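**Q** Everything below, folded, please.
(chains A and B)
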Amino acid sequence: AAGVIQSPRHLIKEKRETATLKCYPIPRHDTVYWYQQGPGQDPQFLISFYEKMQSDKGSIPDRFSAQQFSDYHSELNMSSLELGDSALYFCASSRSSYNEQFFGPGTRLTVL
Amino acid sequence: GEDVEQSLFLSVREGDSSVINCTYTDSSSTYLYWYKQEPGAGLQLLTYIFSNMDMKQDQRLTVLLNKKDKHLSLRIADTQTGDSAIYFCAETGGYNKLIFGAGTRLAVHP
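**A** Numbering: from 1, shown residues only, chains lettered A, B, ... in the order given. Take a look at the predicted model:
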């Protein structure tokens, strides 16, 4: 069965650089969620989209922005990167009428 | 506020049952979830329970929900070394976002 695809899987950036993370949801899933998991921590909700509109916002820094496109894929844009942004970034998708969220493999971002 | 708590570590012998406990605070959560995370890997949805259920069984997994005490547990029967991982319970917050506990690290030894 098709799963959530995230790219890239690993990313290394310098401080103050920008990064773009991509997420391709499971086919027919219309809702995308982004989570950040710092080292040894639990995943923290960042932002979500339903039918290309932002549906909820969590502890996402102003330096980050995201959107969902017409094909339902989503991108998380991160600017002015800081050392503390080093984390695993997960994307999850679901169908609006169902609650199960299926997670992608994550993108490991390392900021040097 | 929304908060999910779990014990941080559990060690069991191979073949025994494991019970991982979780307490949550948001009584309006529609679903409660258990996710498994192996080292360096993603989050695997193990099972979930609807808030109007008391118990759900799925092969070796049994989920018990006590709504009065806001207590959720995951029992793994016949625990194997491949079950060694971090187990997160999660409740649903507004707009279906997940709120995770800190995770319980399960170590299975021979």
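**Q** Now do the strands in the chain.
**A** Going with chain A. Shown for chain A, the strands assigned by DSSP state E span residues A:5-7, A:10-13, A:19-24, A:31-37, A:44-50, A:53-57, A:64-68, A:74-78, A:87-94, A:102-103, A:107-111.
**Q** Can you look at chain B instead?
**A** Along chain B, the segments classed as strands by DSSP E run B:4-6, B:9-13, B:18-24, B:31-37, B:43-50, B:55-58, B:61-66, B:71-76, B:85-92, B:98-100, B:104-109.
**Q** Export those to TSV and append columns for distance to chain A, mean pLDDT and mean neighbour count.
**A** Backbone N, C-alpha and C define where each C-beta goes, glycine included. Listed next are the strands of chain B as TSV, based on distance: least, C-beta to the nearest C-beta, whole Å; pLDDT from 0 to 100; neighbours: other C-beta atoms under 10 Å in any protein chain shown:
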stretch	distance to chain A	mean pLDDT	mean neighbour count
strand B:4-6	8	92	21
strand B:9-13	13	97	13
strand B:18-24	12	95	20
strand B:31-37	5	93	22
strand B:43-50	4	92	18
strand B:55-58	13	94	12
strand B:61-66	14	96	17
strand B:71-76	15	96	20
strand B:85-92	6	94	24
strand B:98-100	4	93	24
strand B:104-109	10	96	17
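**Q** returning to what we had before: please convert the strands of chain A to JSON lines, extending it with distance to chain B and mean pLDDT.
**A** As requested, those are exported to JSON lines (distance: least, C-beta to the nearest C-beta, whole Å; pLDDT from 0 to 100):
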{"stretch": "strand A:5-7", "distance to chain B": "9", "mean pLDDT": "97"}
{"stretch": "strand A:10-13", "distance to chain B": "11", "mean pLDDT": "98"}
{"stretch": "strand A:19-24", "distance to chain B": "12", "mean pLDDT": "98"}
{"stretch": "strand A:31-37", "distance to chain B": "6", "mean pLDDT": "96"}
{"stretch": "strand A:44-50", "distance to chain B": "4", "mean pLDDT": "95"}
{"stretch": "strand A:53-57", "distance to chain B": "4", "mean pLDDT": "93"}
{"stretch": "strand A:64-68", "distance to chain B": "14", "mean pLDDT": "97"}
{"stretch": "strand A:74-78", "distance to chain B": "15", "mean pLDDT": "98"}
{"stretch": "strand A:87-94", "distance to chain B": "6", "mean pLDDT": "96"}
{"stretch": "strand A:102-103", "distance to chain B": "4", "mean pLDDT": "92"}
{"stretch": "strand A:107-111", "distance to chain B": "8", "mean pLDDT": "97"}
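**Q** quick one: B:C89 from A:R63, how far?
**A** In this view, B:C89 and A:R63 are 31 Å apart by C-beta to C-beta, to the nearest Å.
**Q** where's the closest residue to A:R95 other than its chain neighbours relative to B:Q37, distance?
**A** The shortest distance from A:R95 to any non-neighbouring residue, by C-beta to C-beta, 6 or more residues apart in numbering or on different chains, is to A:H29 (5.3 Å). According to C-beta to C-beta, A:H29 stands 21 Å off from B:Q37.
**Q** just B:T25 next, same as before
**A** In terms of C-beta to C-beta, B:T25 sits 22 Å off from B:Q37.
**Q** residues contacting residue 64?
**A** Assuming you mean chain A. A:46-47, A:76-79 (C-beta atoms under 8 Å, 6 or more residues apart in numbering or on different chains).
**Q** ah, I was thinking of chain B
**A** Residues in contact with B:L64 (C-beta under 8 Å, 6+ apart) are B:54-55, B:72-73, B:75.
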